[in-house]
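Asks: predicted model follows, preceded by the sequence.
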Amino acid sequence: MALGAVLVLLGAGTLPAASAAAVDDRSGRVLRHDVDAIRSAGVTGVQAEVRTPRGQWSARSGAAGLETGRPVPEGGYFRMGSNTKTFVATVVLQLAEQRRLSLDDTVGSRLPGVVRGNGNDGNRITLRQLLQHTSGLYDYTIDLPVLASAEGYRRHRNDDIPPERLVAMAMRHKPGDRSWSYSNTNYVLLGMIIKKVTGRDWSTEVTDRILRPLHLTHTFAPQRRAYLPRPHASGYEQFTEGGPLIDTTRLNHSWAGPAGELITTTDDLTRFWQALMGGRLLRPAQLAQMRTTVDTRLGGRYGLGIARIPLPCGGWYWTHPGSVPGYATRSGVTDDGRRAVALSLSSRVTAWDPVEKATDTAIHHALCRTDHRTRRDDHNGPASPAPTYAHKLIHASRAEGIPAVTPARPTGTSSQP
């Protein structure tokens, strides 16, 4: 179906309306309104969850599939994209705390001869620089045909690409800006280093160190499996401006690996972010290193596998945007870990700015504790316009396959885990 037809459906309200748990707290009503606004901005489906000390709310809007028109399912699985990087960074920092590696180790000392050629030198790049995207290494995803076009997707969606080949693709290019430049190559290398240090795959370390201790039973690495488990909303990608939406739900994500392979739910993702900022995964010294940031020159700052973005009500929130063909993930958590939000958008279109602005608004409402009727937050008076968008922080058009034309279950109230 062409994008114009989809937008007509969205604007006319013929897709299923949002549903949410019946709650007395105003935040539940705000969330329901906000997911409807995201859907109306141009995506086929949205699911969201907010967790606070006062309770937990979920909402969903739109269709799980364009052919059936069924509503977005409760507790649906989705591909989190580059939120995976924060999980991987957490593992690396845990290994550093255990003195099994140092953030000042060079890539060359851990993976001799892997990063070399065309001016690339692993002996001049540290693990800290990989974590913070200050290595200057080329992003191999720019050259992946599976991300470039609908035909490339159809021809290469089942390709199994080992990490060594992905790094070799990056080595064909000269290094670039080392002040800050987003590159998935950094995290593929970190996955290889985790395996070299522990003898186990990066995803096994994520499972044993993060998923099992936090009981995140709906988060996992698909390990070359191209399908999402049920229930899920289908993902749709618009590869060209004005072009059709292509169902990209089926896709082998070996090309993403530790840079963006994990599958999750909104419930699991919000609990992860709260646990991370609440100090349950890293000791204070390691968490402080993770939160030590550099300027991205895009309106936000980037730490070790985590981004810091200003809030309109004052202060900032921590996040990592994620995008893969057909799915965009946006999440956020306050500095103290008390409030967290996760949203999964099950389509990516070339007219992305209205979608991103609506998504930013939902995040701000969730984290600023904004009253939807008065537009006031709890501690800073009237909320001001958002100073930045998450997609300006991450070079999504290159890093994760967004076309280059574009710069949980309802559970009612419950206690915080």
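Replies: Ah, there it is.
Asks: nearest residue to residue 139 other than its sequence neighbours?
Replies: residue 183 (4.1 Å; CB to CB, 6 or more residues apart in numbering). Where you see a C-beta, it was placed from the backbone N, CA and C, and this is true even at glycine.
Asks: just to be sure, the one you found is in a helix?
Replies: No - assignment of residue 183 by DSSP: H, G, I helix; E, B strand; the rest coil gives coil, placing it outside any helix.
Asks: surely residue 355 meets residue 343?
Replies: No - judged on CB atoms under 8 Å, residue 355 makes no contact with residue 343 at a distance of 10.6 Å.
Asks: which of the helices and strands in the chain ranks last by mean pLDDT?
Replies: Each helix and strand of the chain was given a mean pLDDT (mean pLDDT, DSSP states H and E); the minimum falls on helix 3-12 at a mean of 28.
Asks: contact partners for the residue nearest to residue 139?
Replies: 133, 135, 137-139, 170, 399 (CB atoms under 8 Å, 6 or more residues apart in numbering).
Asks: hang on, the earlier thing: hey, what's in contact with both of residue 355 and residue 343?
Replies: Residues touching both residue 355 and residue 343 by CB under 8 Å, 6+ apart: residue 38.
Asks: name the nearest residue to residue 87, sequence neighbours excluded.
Replies: Setting aside the residues directly before and after it, residue 87 is nearest to residue 206 in space (CB to CB, 6+ apart), at 5.0 Å.
Asks: and that neighbour, what helix or strand is that in?
Replies: Secondary structure assignment for residue 206, by DSSP states H and E: helix 202-206.
Asks: next one: that helix to chain centre, how far?
Replies: Computed by CA atoms, centre = their mean, to the nearest Å, the chain-centroid distance of helix 202-206 equals 18 Å.
Asks: which parts of it are buried?
Replies: Residues of helix 202-206 classed as buried by neighbour count (16 or more other CB atoms under 10 Å): 202-203, 205-206.
Asks: just stretch 148-160 next, same as before
Replies: 148, 150, 153, 156-157, 159.
Asks: also stretch 224-234?
Replies: 228, 232-234.
Asks: still on that earlier bit, save the contacts of residue 183 as CSV, and put in neighbour count and distance to residue 305 too.
Replies: Shown next, in CSV, are the contacts of residue 183 (neighbours: other CB atoms under 10 Å; distance: CB to CB, whole Å):
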residue, neighbour count, distance to residue 305
133, 29, 9
135, 27, 13
137, 28, 16
138, 22, 19
139, 23, 16
170, 24, 19
399, 23, 14
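Asks: out of those, which is nearest to residue 53?
Replies: residue 133 (33.0 Å; CB to CB).
Asks: is it true that residue 323 touches residue 81?
Replies: Yes - counting by CB under 8 Å, residue 81 is a contact partner of residue 323 at 5.0 Å.
Asks: which one's more surrounded, these two?
Replies: With neighbours defined as other CB atoms under 10 Å, residue 323 and residue 81 compare such that residue 81 has more, 29 against 26.
Asks: check the spatially most central residue of the chain and give its pLDDT.
Replies: Centroid-nearest residue in the chain: residue 322, 2.5 Å away (criterion: CA atoms, centre = their mean). pLDDT for residue 322: 97.
Asks: oh, and call the first residue 53 from now on, that's how I've got it
Replies: All set: I'll call the first residue 53, so the last point we hit is now residue 374.
Asks: quick one, what contacts it?
Replies: Counting by CB under 8 Å, 6+ apart, the residues that residue 374 touches are 131-136, 312, 380-382, 452.
Asks: just the ones in strands from the residues you listed, please.
Replies: 131, 380-382 (DSSP state E).
Asks: tell me which of those residues is nearest to residue 308?
Replies: Using CB to CB, those come closest to residue 308 at residue 131, 8.5 Å.
Asks: how close does the spatially closest residue to residue 291 that is not a sequence neighbour sit to residue 293?
Replies: Of all residues not flanking residue 291 in the chain, residue 202 sits nearest, at 4.8 Å (CB to CB, 6+ apart). Computed as CB to CB, to the nearest Å, the residue 202 to residue 293 distance reads 13 Å.
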